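Engineer: Curious how this folds, go ahead:
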Amino acid sequence: MAIMAPVVSKFYCSPSQTNFLVRRRPHVINGGGFVVTNNNQKPVFKVDGCGTLGVEGELILRDCDGEPLLLIRRKGGVVQALCINRQWKGYKIDYEGDEKLVFTLKEPVSYIVKKIPVKIVVEPRCNKDWDFEVKGSFRDRACSIIDSKGNIVAQVGVKNEFEELRLSKDLYHVVVQPGYDQAFVFGVIAVLDNIHNESTRC
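Structural biologist: Numbering: from 1, shown residues only. Got it, this is the predicted structure:
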C-alpha cells in the first residue's frame, strides 16, 4: 500500500497510479486557464489565471465543483527583483475562506534558458533545502516532479497510445504516482504554465 504524502489534503492522495488529461481553455472564450479530467473524461480540477481573475501573478486551483483549493501568488517587490529565485506561494483555502501557506516554489531566474531544476518547499519546513523539484522541460511537455528522495511524483507528457495528444501543447497527459497529492501536483503545473507564458497568463 502506498504511503500517503498530503500537501493540500489526503483526499487527493490515491492508493493507485492515476492518469489525467489537461486541456487548455481559450482566452477568448472563458479567460484561459486549464481543465484537468480523469480517464472517464470527468473534470477533477480547474485552474483560473489572469485572464479570468484579472490579477497578474495570481492563480486559483479549484475542485470539480468549482470550490477553491489553492490560491497561488507570485511574490513581488524590490527585494524579490534582486533575488536569484522568483518565489510563488501556495495557500490552502478552508471553508471559511482562511488562507494557510502550504508550499513555496522557487523559480531560478535562468530556469527556462538553462533548465535549472525548480525547487519546492512544503510547509511546515523540515531540516532540508527542498522537498520536491521539477526536472526536464515543461515547454516540451517532458518533465517530472521528483521528491527529495529521488522518487518520481508525477510526469508531464507521458507517451501514450494517442500520439497526437502527447505532441499537443493544448492537450497533454499527466501521470501521478500512488500516495502523492494530486491537488499539489496541479498547483505546481499551474505555476509552470504561468512561468512559460501559457494559458494562465493574460
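
Engineer: most residues in a single helix of the protein, which one?
Structural biologist: Of all the elements of type helix in the chain, the one with the most residues (DSSP state H) is helix 182-195.

Engineer: For that one, list the C-alpha coordinates in CSV.
Structural biologist: Taking Å, rounded to 0.1, in the frame of the first residue of the first chain, the C-alpha atoms of helix 182-195 are listed here in CSV:
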residue,chain,number,x,y,z
GLN,A,182,-2.8,15.4,-6.9
ALA,A,183,-4.1,18.8,-6.0
PHE,A,184,-0.5,19.8,-5.1
VAL,A,185,0.8,18.4,-8.4
PHE,A,186,-1.6,20.5,-10.4
GLY,A,187,-0.8,23.5,-8.3
VAL,A,188,2.8,23.1,-9.4
ILE,A,189,1.8,22.6,-13.0
ALA,A,190,-0.3,25.8,-12.8
VAL,A,191,2.8,27.7,-11.8
LEU,A,192,4.9,26.1,-14.6
ASP,A,193,2.2,27.1,-17.1
ASN,A,194,2.3,30.7,-15.9
ILE,A,195,6.1,30.8,-16.0
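
Engineer: so for that helix, what's the average pLDDT?
Structural biologist: Average pLDDT, helix 182-195: 96.

Engineer: same check, this time on stretch 57-68
Structural biologist: Averaged across stretch 57-68, pLDDT comes to 95.

Engineer: ok, now stretch 100-109?
Structural biologist: pLDDT averaged over stretch 100-109 gives 90.

Engineer: same thing with stretch 157-166?
Structural biologist: pLDDT averaged over stretch 157-166 gives 56.

Engineer: which stretch of helix or strand covers the closest residue in space to N85 that isn't next to it in sequence?
Structural biologist: Among residues not flanking N85 along the chain, K106 sits closest, at 4.1 Å (C-beta to C-beta, 6 or more residues apart in numbering). Glycine gets a C-beta too; all of them are placed from N, C-alpha and C. Taking DSSP states H and E as the definition, K106 sits inside strand 99-108.

Engineer: Show me the helices in the protein, by range?
Structural biologist: So, for the chain - with DSSP H - the helices run 27-30, 50-53, 78-82, 111-114, 163-167, 182-195.

Engineer: Tell me how far the longest one lies from the chain's centre.
Structural biologist: Same thing as helix 182-195. 1 Å (C-alpha atoms, centre = their mean, to the nearest Å).

Engineer: and the closest residue to I60 other than its chain neighbours, how many neighbours does it have?
Structural biologist: Of all residues not flanking I60 in the chain, D48 sits nearest, at 4.7 Å (C-beta to C-beta, 6+ apart). Here the count is done by other C-beta atoms under 10 Å, and D48 has 22 residues near it.
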